[in-house]
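Undergrad: Provided below are the primary sequence and the corresponding predicted coordinates.
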Amino acid sequence: MNAAPQVLAVLTDILAAVEDGERGALWNLSEGGRELDANLVWLPAGAEVGEHQEDVLDVFLVVLEGGGTVKAAGGRELGLEAGAVLWLPRTSRRALAAGPDGLGYLTVHRRRPGLAISAPSAAYEGGEGPCMLDRVCPECGRLSQDPAPVFCSRCGERFPER
């Protein structure tokens, strides 16, 4: 692929056009052949993204407009304002809350492979599923959804080298 650089969107224009009550992803990177995903997200005043954990990907977050807070592990609260840049490491628990002016932010992370449903091959004759012991955390026993886990999403323990 020999793609040329191009302007995909003007995020400040998109944020300026937000209507009352609008919430969620306003724009996302959708070009074919990319290795990244990116989303422009708007949370109106007082809106929240509940506590969650990304098990597989680190996320880079840039606040573009408004402000708010990120609640991190141990009840630690980080203030957000336009221009703030956050690294949200995989396996970290976090929650976002918009301040009185709302919160507009851009997230960027490695692209997830698409989900696909396919018919079983003609050669498939049943039997046991594959062994997934290499995806079980040696510390806490959680089964990772990542086919090649590095860190446990529950306890943060590093998986053994393969």
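TA: Received, thanks.
Undergrad: in the lowest-mean-pLDDT helix or strand in the chain, what counts as buried?
TA: In the chain, no helix or strand scores lower on mean pLDDT, DSSP states H and E than strand 48-53, which sits at a mean of 88. Residues residue 49 are the ones in strand 48-53 that count as buried (16 or more other C-beta atoms under 10 Å). Placement of C-beta: from N, CA and C, glycine included.
Undergrad: now stretch 24-38
TA: Quick answer for stretch 24-38 (16+ other C-beta under 10 Å): 26, 27, 37, 38.
Undergrad: kindly check the end-to-end length of it for me.
TA: 13 Å (C-alpha to C-alpha, to the nearest Å).
Undergrad: show me what stretch 24-31 is in contact with.
TA: Residues outside stretch 24-31 that contact it (C-beta atoms under 8 Å, 6 or more residues apart in numbering) are 3, 8-9, 11, 14-15, 18, 36-42.
Undergrad: picking that back up, what's the least confident helix or strand of the chain packed up against?
TA: strand 93-110 (3 or more C-beta pairs under 8 Å, 6 or more residues apart in numbering; DSSP states H and E).
Undergrad: the strand it packs on to strand 48-53, inter-axis angle?
TA: Here strand 93-110 runs at an angle of 80 degrees relative to strand 48-53 (axes from the mean of the first three to the mean of the last three C-alpha atoms, to 10 degrees).
Undergrad: strand partners (parallel or antiparallel) of strand 93-110?
TA: strand 36-43 (antiparallel), strand 48-53 (antiparallel), strand 59-72 (antiparallel) (DSSP bridges).
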